[in-house]
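Undergrad: Provided below are the primary sequence and the corresponding predicted coordinates.
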Amino acid sequence: MISARGLTRRFGSFTAVESLTLDVPDGAILALLGPNGAGKTTTVRMLAGLIAPTEGEASVAGFDIRRDAAAIRARVGLVTDVPGLHEQMALPAYLDFFGAIYGVPRPLRARRIDELITFFDLQEHRRERMAGFSKGMKQKVALARALLHEPLALFLDEPTSGLDPLAARAVRELIVNLKRANRAIVLCTHDLDEAERLADQIAIMSAGAIVRYDAPAALRASSSPETLVRVRLAAPLADAAASLASLASLASLSGVTLIASASEVAAEVAYSTPDPDSVNPDVIARLVAGGARIVSVTCETRALEDIYAEAVGARDGGRPALTAIAG
Amino acid sequence: MTLPSEAKAARPAFTPPSDARVTLLIARRAALESLRDRATLLSSATFVLLLPILWVLLIIRPTALSGHVPPGDLGSLITIYLLIVGLLPTSAATGVAAGQFAGEKEQGNLAPLLASPASNAAIFGGKVLGAVLPALLYATVAEISYLIEIAVFIGADTLRLLQPALSLAMLALVPAIAIFAAAVAALISSRVRTYQTAQGLASLALMPVFFAFFGLTTQLQSWGALALFGGVVGIALVDIALIAFAAATWRREEVLARR
């Protein structure tokens, strides 16, 4: 269980994290999203007992981050934003070093190291110095180091960064398995899809504060319920007057909001509606009546990307403003 | 894919080892890494192999062969050079210690250690020890090569001129001063942001200290071996106090917070 109340960290006059409150029960994943400098890494470092908070309280695995930081460090696994390896060492020696520091008994340590090296598909590189490892391989080593002592809680800062798609998938599956094994996990990521797929809760941070915090489905529901519909035409409508007349009539349909008017040579029409099931047939019928030959109709519900963009202040970042694209 | 150990429920945390054990683990890792570092190895090789030969060929041999210097004075000269020959390779410890905190922070590999349950004292002590151990190895090789070169280029009989008590005191001074230098460098390194700053400040701080040590040693030598041993004990106590102070005042929670 990870719990924070009013957690704040200042660096001089700069506030990196302000009044952060969150809860991550055992067996749950919290995804921390936010642009660079939003305060994700500082949050993770505070919760993992690496840096002291300026204000506020937090507990991890039942220990207070101010009073029992050492006990917390013994019980959590941390993957930092950079792998941070001693690159002159060989992989097993490096993992053995950290295993010994965490007090993992020698026979278990040897078994765990073998398991992790096999899991991360690094068997062929056991004898090499890690200086020659690729970015993805280094990331795997950092993950192996974080898992070596079977931590109760995990703080993963960009865990799939630099990994090839298959390795990234394996790591995601591992994260899900760790969650099922009742670990509390905080996942910092820029990969919104990854966050949506893995997390039970998503916290979007901006300028040191949590600006949105909810389950992925609830985040979607709490934002605009509208569906963006795109109708692609086989060719630009030659008859501009008919096209405009047809489009003008769309606006009169209930439940439809035209995002912008179409140009004379529109090859795509886009609109948003809260009720696509009943609106789309009418819209398509009117377009066809206006002479349009329809290639495809696509419906997009509001993506996490849009919610994220809105939350961090880039309101125009996610959704196209153009509704009628010149052919 | 599932890791067998991850499939079961969370287990209680392992009991971290004692501070002494963690200190040794950290020291061993740091020492091995510094022994594998080619730049450190190359600069140390200069002190270990080249300088003793130069001392012997350019200073001691001409002095010995001139016939103007009494055997007792020649013995004192050879004995004093034991300290210099041993001390020069330990300057590598200063560079290594300067990189232990600031350098590792710059490279990003300090965070995993800070995130571990290792105590401040174990981390600090381990890093100082890890900087000193390779330096002492280099110093040992330099001393041996110095004595062999005296035997080869001047004659094995010359070694009989070494004053045993004074020689032992000189040899004991080498680790005492090396630990002092490494502790100062590590203390500075743990409180600044960059390796360059740490190295620059450490050199600046240690230069006058080295001269003071050398002056003190010469003075103590004139008072006899016992005074010199007293000096060694004094420096060792200062080393312990310095490391204890540095570890006690070092706040690991502020290392990564420094911007």
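TA: Ah, there it is.

Undergrad: now do the strands in the stretch 151-259 of chain B.
TA: Counting by DSSP state E, counting those that start in this stretch, the stretch 151-259 of chain B forms no strands at all.

Undergrad: for chain A, what is the nearest residue in it?
TA: Residue of the stretch 151-259 of chain B nearest chain A, by Cβ to the nearest Cβ: residue B:253 (4.0 Å). Yep, even glycine has a C-beta here, placed from its N, CA and C like the rest.

Undergrad: so who does that residue touch?
TA: A:49-52, A:69 (Cβ atoms under 8 Å, 6 or more residues apart in numbering or on different chains).

Undergrad: tell me the bridge partners for residue A:156.
TA: Applying DSSP bridges to residue A:156 yields these beta-bridge partners: residue A:79, residue A:187.

Undergrad: among the contacts of residue B:253, which are in strands?
TA: Assignment to strands by DSSP state E places none of those there.

Undergrad: count the residues that sit near residue 55.
TA: Because you didn't say which chain, this covers chain A. When neighbours are defined as other Cβ atoms under 10 Å in any protein chain shown, residue A:55 has 12 of them.

Undergrad: to clarify, I was referring to chain B.
TA: Around residue B:55 there are 20 other residues, counting by other Cβ under 10 Å.

Undergrad: what do you get for residue B:141?
TA: 17.

Undergrad: if you look at the contacts of residue B:253, which of them are in helices?
TA: Assigned to helices by DSSP state H, the following of the contacts of residue B:253 qualify: residue A:69.

Undergrad: of the contacts of residue B:253, list those near chain B.
TA: Contacts with chain B are made by A:49-52, A:69 out of the contacts of residue B:253, judged by Cβ under 8 Å from any Cβ of the partner chain.

Undergrad: closest to residue B:73 out of those residues?
TA: For the ones next to chain B among the contacts of residue B:253, the closest approach to residue B:73 (Cβ to Cβ) belongs to residue A:50, at 58.6 Å.

Undergrad: who's in contact with the closest one?
TA: Taking Cβ under 8 Å, 6+ apart, we find residue A:50 in contact with A:73, A:78, B:111, B:114-115, B:252-253, B:256.

Undergrad: can you pick the most crowded of the ones next to chain B among the contacts of residue B:253?
TA: residue A:49 leads the ones next to chain B among the contacts of residue B:253 on contacts (other Cβ under 10 Å) with 30 neighbours.

Undergrad: who's in contact with the residue lying closest to that one once chain neighbours are set aside?
TA: Leaving aside its chain neighbours, residue A:49 sits nearest to residue A:69 (3.7 Å; criterion: Cβ to Cβ, 6 or more residues apart in numbering or on different chains). By Cβ under 8 Å, 6+ apart, the contact list for residue A:69 reads A:49, A:52, B:253.

Undergrad: model confidence at residue A:69, what's the number?
TA: With respect to pLDDT, residue A:69 scores 91.

Undergrad: same question, residue A:73
TA: 94.

Undergrad: looks to me like it is in a helix.
TA: Yes - remark: residue A:73 belongs to a helix, assigned using DSSP: H, G, I helix; E, B strand; the rest coil.

Undergrad: thought it was touching residue B:112?
TA: No - counting by Cβ atoms under 8 Å, residue A:73 stays clear of residue B:112, with 10.6 Å between them.

Undergrad: how far away from the center of its chain is the helix or strand of chain B with the lowest mean pLDDT?
TA: In chain B, the helix or strand scored least confidently by mean pLDDT, DSSP states H and E is helix B:252-255, which has a mean of 74. Mean-position distance between helix B:252-255 and its chain equals 25 Å (Cα atoms, centre = their mean, to the nearest Å).

Undergrad: now stretch B:45-52
TA: Worked out by Cα atoms, centre = their mean, stretch B:45-52 lies 16 Å from the chain centre.

Undergrad: same deal with stretch A:12-19?
TA: 23 Å.

Undergrad: which residues touch residue A:57?
TA: Residue A:57 neighbours (Cβ under 8 Å, 6+ apart): A:4-7, A:64-66.

Undergrad: assign it to helix, strand or coil.
TA: With three-state DSSP as the basis, residue A:57 sits in strand.

Undergrad: ok, residue A:215 - how many residues close by?
TA: Neighbour tally, residue A:215, other Cβ under 10 Å: 13.

Undergrad: equivalent analysis for residue B:17, please.
TA: Residues lying near residue B:17 (other Cβ under 10 Å) number 19.

Undergrad: so who does it touch?
TA: Applying Cβ under 8 Å, 6+ apart to residue B:17 gives the contacts A:100-101, A:103, B:25.

Undergrad: most neighbours among these, please name it.
TA: residue A:101 (26 neighbours).

Undergrad: residue B:13 belongs to a helix, doesn't it?
TA: No - secondary structure of residue B:13 (three-state DSSP): coil, not part of a helix.

Undergrad: my guess is it meets residue A:152, correct?
TA: Yes - counting by Cβ under 8 Å, residue B:13 touches residue A:152, with 7.1 Å between them.

Undergrad: who touches both of those two?
TA: The contact sets of residue B:13 and residue A:152 overlap at residue A:75 (Cβ under 8 Å, 6+ apart).

Undergrad: show the backbone phi and psi for residue A:32.
TA: Per-residue torsions, residue A:32: phi -100, psi 120 (degrees, to the nearest 10).

Undergrad: pull the distance from stretch A:214-227 to the chain's centre.
TA: 15 Å.

Undergrad: let's see that stretch as CSV, backbone CA atoms only.
TA: Extracted C-alpha coordinates of stretch A:214-227, given in CSV (Å, rounded to 0.1, in the frame of the first residue of the first chain):
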residue,chain,number,x,y,z
ASP,A,214,-9.2,8.6,-11.6
ALA,A,215,-9.7,5.2,-13.2
PRO,A,216,-9.1,5.2,-17.0
ALA,A,217,-12.8,4.5,-17.8
ALA,A,218,-13.9,7.2,-15.3
LEU,A,219,-11.5,9.7,-16.8
ARG,A,220,-13.0,9.1,-20.2
ALA,A,221,-16.6,9.3,-18.9
SER,A,222,-15.9,12.5,-16.9
SER,A,223,-14.7,14.2,-20.0
SER,A,224,-16.8,14.9,-23.1
PRO,A,225,-19.0,12.0,-23.9
GLU,A,226,-19.0,12.8,-27.6
THR,A,227,-17.9,10.7,-30.4
